[in-house]
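Asks: structure here, sequence nowhere to be found:
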């Protein structure tokens, strides 16, 4: 079912559903068949109130929640599960088998494959999540690698790189430009190459003294201490 406003040239394949109140700006492609699949063989479901911006391509085989937004040129391959109120920024790439929770921001130029994101996750621009320890063509790479697992409320600065299968704890903060090669505990700040734990999030200070410290506002206060 298509019940959305279409602006410009939008290619919509068979077996695509788009929720009420959505707007799609062309040129864009929705329901592109995955490799080896035919038109309409697998479905694409997009929830209500989506805003799909020009040059976005979303493959069939994805399930996307309400209030979804893309920037220009976003690419979303098959087999992703995306929650409500998620934004995928300009020229960001979601490869296959990502699981993304609710209220997540994935900024411009990011790359994710087989990554699991919790709820309320922020990912700064140009961050890359790797998933294969020994490219190319290892038949067991999904078993020994896979993408990172990022727990609720984590914040990730711009231009970070994550090695396969690392785990980022609840509420952790990763500094810009970090290369994360190992697990980061919950509610800790980590930065550098390789990223090392620096201090607890609760020891951060507000640069302009507007708050006692950062992240004492919703939604972070419900899990901070």
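Replies: Now that the structure is in, tell me what you want to look at. Keep in mind it's a predicted model, so treat the numbers as computed, not measured. Residues are numbered from 1 along each chain as shown.
Asks: so where is this protein shaky, pLDDT-wise?
Replies: 1-2, 222-225 (pLDDT under 70).
Asks: let's see 80
Replies: 1-3, 141, 222-225 (pLDDT under 80).
Asks: now the helices: where do they sit in it?
Replies: With DSSP state H, the ranges of helices along the chain come out as 141-144.
Asks: around residue 121, how many other residues sit close by?
Replies: Look at residue 121: counted by other Cβ atoms under 10 Å, it has 24 neighbours. (C-beta placed from N, C-alpha, C; glycine too.)
Asks: wait, what's in contact with it?
Replies: Going by Cβ atoms under 8 Å, 6 or more residues apart in numbering, residue 121 touches 100, 101, 103, 104, 105, 150, 152, 153, 154, 155, 156.
Asks: now the fourth one, nearest residue through space, not along the chain?
Replies: Put plainly, it is residue 104. residue 121 (4.4 Å; Cβ to Cβ, 6 or more residues apart in numbering).
Asks: do the same with the second one
Replies: If you skip the residues right next to it in sequence, residue 101 has residue 119 as its closest partner in space, 4.0 Å away by Cβ to Cβ, 6+ apart.
Asks: re the thing from before, tell me which of the contacts of residue 121 is nearest to residue 75?
Replies: Proximity of those to residue 75 (Cβ to Cβ) peaks at residue 100, which lies at 14.7 Å.
Asks: who does the closest one bridge with?
Replies: residue 82, residue 117 (DSSP bridges).
Asks: number the residues from 496 up from this point.
Replies: In the new count, where the first residue is 496, that last one comes out as residue 595.
Asks: right, and it touches residue 575 too?
Replies: Yes - at 7.1 Å, residue 595 counts as touching residue 575 under the criterion of Cβ atoms under 8 Å.
Asks: shared neighbours, the two?
Replies: residue 589.
Asks: thought residue 656 was touching residue 625?
Replies: Yes - the criterion here is Cβ under 8 Å, and residue 656 meets it with residue 625 at 7.1 Å.
Asks: which of the two has more residues huddled nearby?
Replies: Taking neighbours as other Cβ under 10 Å, residue 656 and residue 625 compare with residue 625 leading, 20 against 17.
Asks: one step back: let me see the contact set for the residue nearest to residue 596.
Replies: 578, 596, 597, 598, 599, 647, 648.
Asks: what about the third one, how many neighbours?
Replies: Just to be clear, that refers to residue 597. 18.
Asks: what do you get for the fifth one?
Replies: Residues near residue 599, counting by other Cβ under 10 Å, number 23.
Asks: residue 513 touches residue 538, doesn't it?
Replies: No - if you go by Cβ under 8 Å, residue 513 and residue 538 don't touch, sitting 11.5 Å apart.
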